[in-house]
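J.: Build me a structure from this.
(2 chains)
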Amino acid sequence: MKEEKGTWAQMASRVEELGRLAQDLYDASEDFPAVNRNAKRILASLEVLRINLEKIAE
Amino acid sequence: MNKAIRYWNPYLEVLPRESLGELQLKKFKRILRWAYDRSRFHRALYQEAGLRPEDIRTWEDVRRVPKVEKSMMRTVQRKDPFPYGEALCVPLDDVTEFHQTSGTTGQPVYQPDTWQDWEWFSECWATLLWAQGYRPHDRVFLPFGYNVFVAFWTAHYACEKIGCEVIPGGVLDTQARILKIQEVRPTAMMATPTYVLGMADVAEKKLSLNPASDLGIRKITCAGEPGALIPSTKRRMEQAWGAKVFDHAGATEIGAWGFECEAQSGGLHINEAMFMAELEDLETGEPITQAGRPGKLVITALDRLAQPCIRFDAKDIVELSDEQCECGRSFRLLPKGVFGRADDITKVKGVLLAPTAIEEVVHAFPGIGDEYEVVVDKKGDVDHILLKVEMLEPGTPAAKELEAKLRTELRVKTNLGYDIEVYHYGSLPRYEVKARRFKDLRHKGAA
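T.: Numbering: from 1, shown residues only, chains lettered A, B, ... in the order given. Here you go, the predicted structure:
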């Protein structure tokens, strides 16, 4: 369980990295709807990933 | 992916109860703050109660937060922004999904969702479908015409998320749906209990098919009505289809908050990672925390953002259990699931009567059809219950004997007397969604 928790905590930190990348894509794509809307959708999915792993590192 | 993993979320679903409580309290504070800062409706409601988000520190504080009733949402939605009104917490541009309640009890309530909300709703469904054994190899048939009601939309997306193949079976009549099942051999299906039984009936009587041996459905997830946890109704469905039948509970304004797992313990798990459920005494409104005492469900969707659902009076009647389910989930169990609605449970001759209790008796008699109707009315000043049932050969001595047994069993199980009318098979109305079999005519307007 302890080992799993460590792996899951790493997953949570990867989600934050992904979030930063997706946010960058979203911010940079105001004039590129195909990137902008898909990046926004990824950001929505990332929030659900955060919900799934919430408090795991605490 | 390891398909043998029992839990969709092996972290949250077995979280120790104490940690689960901490997570819920953290989330509750967060959603309350979110709503207070963004929704004029919620802010006014809490200010009127003299409450600020920072006042919420403990579970006792949570119980001070005013409840929200459906009727309040109807009033709120008459205001701007159209059509959702003052409880909307996101810009209209961020709303990507419109749905509405069925309007069974009045003006429908509109439900906005963002992409994130929709992902979250599907996630709740994915949790329950995984718990019921749905895996990527499943082919799932949805015999339902998706529309403005939320029913089965997120089930569809959850199936996609899991990796199941989804067959949308809308805009077909019942016979065409059965033939499609025969043609493409899905392994699972979702429908209301009424329709599950209705389809089996049509398959047998109109198409000469035996669903259990000819159609190959092995899992059925029910929604919309309580039948899948009424033992006699569940048994009828499982026998007719040769499938395991599972219940789930949810609502448009709340989300998919409860589910039966593969262990089939006879109850529903509350998905306590995503929802916070409280119980209240039906008459006094006092909180109920102990097992075995029926109460009314007050529920919070902890992560739904566009139109928050905070301490919503769900009007579902449930009771808690302290039993641990053999599936290993730490989510609390509700034995018998949702076994009544505060709107439907009524006093007849001073005795509390739940329509599900009548169904449990009716469906326990193999010679009586699936459809039935209950009409409560007054004869003079006295309450009177009429039960309409179907039999294959009414009027025969065997039918009369069955009727007498039914009357006795109803008296034993509900402590009430009934007049029984027996109709020929196929005479009573058939329903596809939300059957209205219980009619209380004692007050102005039928229920």
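J.: CA atoms for contacts and neighbours, from now on please.
T.: OK.
J.: Establish whether stretch B:118-130 and chain A are in contact.
T.: Yes - counting by CA under 8 Å from any CA of the partner chain, chain A has neighbours in stretch B:118-130: B:E119, B:W120, B:E123.
J.: can I get these in TSV with neighbour count and pLDDT?
T.: TSV is the format used below for the residues of stretch B:118-130 next to chain A (neighbours: other CA atoms under 10 Å in any protein chain shown; pLDDT from 0 to 100):
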residue	neighbour count	pLDDT
B:E119	23	97
B:W120	28	98
B:E123	26	98
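J.: The chain: helices as residue ranges?
T.: No chain specified, so I'll use chain A. A:2-28, A:33-53 (DSSP state H).
J.: that's the wrong chain, I meant chain B
T.: B:17-38, B:40-48, B:59-62, B:70-76, B:115-131, B:153-162, B:174-184, B:193-207, B:211-214, B:231-241, B:355-362, B:397-414.
J.: what's the spacing between the fifth one and its chain's center?
T.: The gap between the average C-alpha position of helix B:115-131 and the chain average comes to 16 Å, counting by CA atoms, centre = their mean, to the nearest Å.
J.: Show me what that helix is in contact with.
T.: Outside helix B:115-131, the residues within contact range by CA atoms under 8 Å, 6 or more residues apart in numbering or on different chains are A:41, A:44-45, A:47-48, B:6-9, B:94-97, B:154-155, B:157-159, B:161-162, B:248, B:255-262, B:271, B:274, B:303-306.
J.: how about the residues of the stretch 101-250 of chain B that lie near chain A?
T.: Close to chain A, as judged by CA under 8 Å from any CA, the stretch 101-250 of chain B has residues B:W115, B:Q116, B:E119, B:W120, B:E123.
J.: Check what pLDDT the second one gets.
T.: Note for B:Q116: predicted pLDDT of 97.
J.: which one's the longest strand in chain B?
T.: strand B:368-379 (DSSP state E).
J.: Each with direction, which strands does that strand pair with?
T.: With DSSP bridges as the test, strand B:368-379 is paired with strand B:382-391 (antiparallel), strand B:438-440 (parallel).
J.: low-scoring stretches of the chain, by residue?
T.: If you meant another chain, say so; for now it's chain A. Residue ranges of chain A with pLDDT under 70: A:1.
J.: looking at chain B here, not the other one
T.: For chain B (pLDDT under 70), the answer is B:104-105, B:433, B:444-447.
J.: Right, and chain A sits closest to which residue of it?
T.: As assessed by CA to the nearest CA, chain A sits closest to B:Q116 within chain B, at 4.4 Å.
J.: residues near that residue, how many?
T.: B:Q116 sits with 25 neighbouring residues when counted by other CA atoms under 10 Å in any protein chain shown.
J.: quick revisit: looking at the residues of the stretch 101-250 of chain B next to chain A, spot the one nearest B:E278.
T.: B:W120 (21.2 Å; CA to CA).
J.: Relative to A:E47, how far out is that closest one?
T.: As for B:W120, its distance to A:E47 is 9 Å (criterion: CA to CA, to the nearest Å).
J.: Let me see the contact set for B:Y134.
T.: Contact analysis of B:Y134 by CA under 8 Å, 6+ apart lists B:I162, B:C164.
J.: Could you show which parts of chain A are in contact with chain B?
T.: Applying CA under 8 Å from any CA, one finds that chain A approaches chain B through A:R41, A:A44, A:S45, A:E47, A:V48, A:I51, A:N52, A:L53, A:K55.
J.: ok, now which ones touch the third one?
T.: Residues near A:S45 by CA under 8 Å, 6+ apart: B:Q116, B:E119.
J.: what's the answer for the last one, then?
T.: Under the criterion of CA under 8 Å, 6+ apart, the contact partners of A:K55 comprise B:L23.
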